[in-house]
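Enquirer: pasting the sequence and the predicted coordinates here, then a few questions.
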Amino acid sequence: MKLSTTLKALGLAAAVALAPLAAPAQAAGTVTVAIALDPGSWDPIDTFVVDWSSAANNIFDGLTARGADMKLKPGLATSWEFLDNNSRIRFKLRENVKFHNGEPFNAEAVKFTFDRLLGPEGKKGPQQSNYNSIDRVEVVDASTVDFVMKQPDPVLLTKLAGYGAMIVPPKYIQEKGDDYFNTHPVGTGPFKFVSYEPKVSLTLEAFPEHWGGAPKLDKLVFRMIAEANTQIAELQAGRIDIATLIPFGLAPTVEKDPKLSLISITGPTVVALRLNTQNGITKDVNVRKALIMGIDRDAIIKAVLLGHGKPIASFQADLSFGYDPNLKPLPFDLAKAKQMLQQAGVQPGAPIKIDFRGNDATFREVAQAAAGFLQALGLKPSLQPYETPVLLNDIIPNGKTGEAWHNAWGGWTFDYDNTAYLMYHSGEKWNPYDKDPKLDAMLEKQRSIYDVKEREKILQEIARYVADNALEIPLYNQNTIYGVNKRLKNFEPPADRRFRFTDVTVE
Amino acid sequence: MAGFILKRLLQAIFVILAVTLIVSFAIRLSGDPAVMLAGGSNITEKDLQNIRQALGLERPFYVQYLSFLKGLLVGDFGRSFMGGTPVSLLISKALPATLLLAFVSLLISIALSVPLGVYAAVKRGRWPDQLIRILSLIGLSFPNFWLAIMMVLFFSISLGLLPPSGMEGPESFVMPALTMGIILTATNVRLVRTSMLETLSQQYIMVARSKGLKDRVVLYKHALRNSAIPLVTYVGLQFGSLIGGIVIVERVFNWPGMGTLAFDAISARDYPVLQGAITVLALFIVLINLLVDIAYGLIDPRIRTE
């Protein structure tokens, strides 16, 4: 009795003492976003991390831009045309644009940005290789630049909307140096840098002179939180407005909270089981087709992804350029699949090994479900988890996989070329087994074509060809999910997490 | 005494060298950081070579290790592969955060375990003693991350009293320090109880009692002082292991300390950051052990001649 009274008194005292401390940290007009990783540098040429874009897409502008709907639109360039038989692209630049430090944006800044990216400074980072098709940038006049191309690159315009191609201020970088720029970024974007605490947070404030109009928020804070549970707890506590790291299994927690909404939209990531076409039972194309028909993808999406995804027929999302809505995956048909296996002479109990990334908790469940279906087909599936770098750098490139292996891919350019070339062209790292001259020819051909319609046709042919040859078991396109505080208005969630908070307001 | 300290110092240096060697070697087995940095898409072998060259990864292991040691001598841990921040800067921000958390956790554990342990010893065999022992067993059995998550659910989500993560003010300390503190308390209660029981059975306690001194005086003035010696020693050593055990708790609470730093470095194969973080942690643990050893040597001359 006495003890419980004491405890109650203590609890009350603690509650009273702590209550003022728990006041909401959000000021009016501030949006706080949790990202998982600290990229360590805000220099566009230093990184490929999506979390960099989530934040830095608000600091910098590219020549082109992409809206939340993933459609390409003008950025710092207002228009562009292809000259000299496509070997030269001429960009008309937006005028009266200023960097956050007051420096003017002009053709010199564009040239400086790409000289830096393609020169020794860019060599140290991971971005240079994305822009190797550019030979050099020439200044025509203060508001016109020419990109002289080494080789055709139909995906270039998309690439200019992100990462390494973000335009940086020449005078600022020359005066302050690269190190300073890493931690004090300056761009032409809607928000300007205020402070950066490594591994903790990045704070930005509105840049009212932005060419697209002043942002409606005062402040933007990005907090680095690597643990999904912690992001969700912070979201529930009202201390962050957007959580970007929500495993499918935890989505219901966010859905149930009346203050929050769960946003689930088509994302860039696709998942498949690639097949070994040289050894084992998967050497036979009919066996490969039987495997595709023997796995119920809809059931996996419903049970493991809790519905946050959709089946795919080729290794791309429907946001991807080259997606063919008419291409349908082989239907789930256990009886037919069994019959096909029998016809192909596959013995009951034939082994089939699936290699996968062991740290991917969602896929572990997917693999178990897939193994269940394969077992129902009369096969003897086994699962082999690997440490991701080992799988990606040793097992796959050296052709040491089992009959099937886990392939997850999220091309940031939303162009099937980026995926298809690396997956199916002979000699590529991701293609240890196939050498198909016909497929190679199609992949090479589309790279030299700027005609959008024609290129799209070839990409669709490639997807169809891959499906006909059953090079993989296409599984699903997983959704990008966000947990968002309902006080956010006008928030258009981008599929690729590269936010732009120009129009967002808070209640 | 000088010879004793010198010998211990040499041993400490050897331990540090061994730790840095093992860490530097082991992390290089974990995969190619160039591939991690390149992001795995659209990348050629030549690009990877460029990145390796820029990071100095093409040199033989012993050259890389020696250059790491050379930097160490002047306090230069190199630069993070992720964005090029100097490792010393990252450590200088993370180390105080971790030390502070460890220190507060220790204080909590002492404040809880001493009175509980003494009380259990005094009530030996009776229900309060049983209860305290059962509670400490439960405390020992909790995985710290589970305790951490439960606290967040209760204090932050249900009650809305405390911030679920981050290091923003005094209120940020409550949950992480309590998590660490409760786990430590569970061990320390048993230590205090045992040590107190032993002291209470000593003759001088009986003498004090027979002189008619009050129970409280006997307990706190005579018994506790003497049973504190093993506790103080143990807590000194605990401080070292505490820093090691803090990794998971830091991750759950997104505490910007050494645990978070090391964890992220492992995921990103950021060799310099991991090497730096582990070296500094090892340095701390060795230093504390060294101080404990020296203190022993000072207190008890028999240990020196061992």
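Expert: That came through fine.

Enquirer: wait, isn't A:Thr277 in contact with A:Asn431?
Expert: No: the criterion here is CB atoms under 8 Å, and A:Thr277 misses it with A:Asn431 at 9.9 Å. In short, each C-beta sits where N, CA and C put it, glycine included.

Enquirer: got the buried residues for the helix or strand hosting B:Ser92?
Expert: Secondary structure from DSSP states H and E places B:Ser92 in helix B:87-122. Within helix B:87-122, the residues that count as buried by 16 or more other CB atoms under 10 Å in any protein chain shown are B:87-88, B:90-91, B:93-95, B:97-99, B:101-102, B:104-106, B:108-110, B:112-114, B:116-122.

Enquirer: tell me the phi and psi of A:Ala237?
Expert: The phi/psi pair for A:Ala237 (degrees, to the nearest 10) reads phi -80, psi 0.

Enquirer: residue contacts, it?
Expert: Going by CB atoms under 8 Å, 6 or more residues apart in numbering or on different chains, A:Ala237 touches B:156-157, B:160, B:163-164.

Enquirer: hey, where'd the strands end up in the stretch 401-507 of chain A?
Expert: A:404-409, A:472-485, A:488-489, A:505-506 (DSSP state E, counting those that start in this stretch).

Enquirer: just to revisit the earlier point, farthest-apart pair in the contacts of A:Ala237, please.
Expert: Within these, B:Ile157 and B:Pro163 form the most distant pair, 11.5 Å apart (CB to CB).

Enquirer: out of the two, which sits in the busier spot?
Expert: B:Pro163 (25 against 16; other CB atoms under 10 Å in any protein chain shown).

Enquirer: count of neighbours near the closest residue in space to that one that isn't next to it in sequence?
Expert: Once flanking residues are discounted, B:Pro163 sits nearest to B:Ser172: 5.7 Å by CB to CB, 6 or more residues apart in numbering or on different chains. Neighbour count for B:Ser172, taken as other CB under 10 Å: 20.

Enquirer: same deal with A:Gly67?
Expert: Using other CB under 10 Å, A:Gly67 has 12 neighbouring residues.

Enquirer: for chain A, which spans come out with low pLDDT?
Expert: A:1-28 (pLDDT under 70).

Enquirer: in it, which residue sits closest to chain B?
Expert: A:Gly40 (2.4 Å; CB to the nearest CB).

Enquirer: I'd guessed that residue sits against A:Pro198; true?
Expert: Yes: shown here, A:Gly40 and A:Pro198 form a contact pair, counting by CB under 8 Å, at 7.1 Å.

Enquirer: between the two, which contacts overlap?
Expert: Joint contacts of A:Gly40 and A:Pro198 (CB under 8 Å, 6+ apart) are B:Thr85.

Enquirer: check contacts around A:Arg379.
Expert: One correction, residue A:379 is Leu, not Arg. A:281, A:341, A:346, A:348-352.

Enquirer: one more: A:Glu255?
Expert: A:Leu262.

Enquirer: let me know the helix or strand that it is in.
Expert: helix A:251-256.

Enquirer: for that helix, C-alpha coordinates in PDB please.
Expert: Provided in PDB are the C-alpha atoms of helix A:251-256 (Å, rounded to 0.1, in the frame of the first residue of the first chain):
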ATOM      1  CA  ALA A 251       3.100  -0.400 -42.400                       C
ATOM      2  CA  PRO A 252      -0.100  -1.300 -40.400                       C
ATOM      3  CA  THR A 253       1.400   0.600 -37.400                       C
ATOM      4  CA  VAL A 254       1.400   3.800 -39.400                       C
ATOM      5  CA  GLU A 255      -2.000   3.100 -41.000                       C
ATOM      6  CA  LYS A 256      -3.700   2.600 -37.600                       C
END
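
Enquirer: skip the chain neighbours and tell me the closest residue to A:Trp211.
Expert: A:Val97 (4.7 Å).

Enquirer: check the gap between that neighbour and A:Pro169 for me.
Expert: Going from A:Val97 to A:Pro169 by CB to CB, to the nearest Å gives 11 Å.

Enquirer: of those two, who's got more company?
Expert: A:Pro169 (25 against 19).

Enquirer: so what's the residue count around the nearest residue to the more buried one once chain neighbours are set aside?
Expert: Leaving out its chain neighbours, the residue that sits closest to A:Pro169 by CB to CB, 6+ apart is A:Phe99, at 4.3 Å. Number of residues near A:Phe99 (other CB under 10 Å) recorded here: 24.

Enquirer: surely A:Phe99 and A:Gly187 touch.
Expert: Yes: using CB under 8 Å, A:Phe99 is in contact with A:Gly187, at 6.6 Å.

Enquirer: which neighbours do these two share?
Expert: A:Pro169.

Enquirer: secondary structure element for A:Val31?
Expert: strand A:30-35.

Enquirer: what about A:Gly267, which SS state?
Expert: Of the three states, A:Gly267 takes strand under DSSP: H, G, I helix; E, B strand; the rest coil.

Enquirer: in a strand, B:Leu10, correct?
Expert: No: assigned with three-state DSSP, B:Leu10 falls outside any strand and is helix.

Enquirer: report the rounded mean pLDDT for the helix or strand hosting B:Thr187.
Expert: Assignment of secondary structure by DSSP H and E places B:Thr187 within helix B:170-200. What helix B:170-200 shows for mean pLDDT is 89.

Enquirer: so how far is it off the chain centroid?
Expert: The chain centre lies 14 Å from the centre of helix B:170-200; the measure is CA atoms, centre = their mean, to the nearest Å.

Enquirer: and it, what's buried?
Expert: Buried-residue list, helix B:170-200, by 16+ other CB under 10 Å: B:171-193, B:195-197, B:199-200.

Enquirer: got a list of what the residue nearest to A:Pro169 touches?
Expert: Per CB under 8 Å, 6+ apart, neighbours of A:Phe99: A:105, A:109, A:169, A:172, A:186-188.

Enquirer: show me which residues of the stretch 201-306 of chain B sit near chain A.
Expert: B:251-254, B:256, B:260-261, B:263-264, B:268-269 (CB under 8 Å from any CB of the partner chain).
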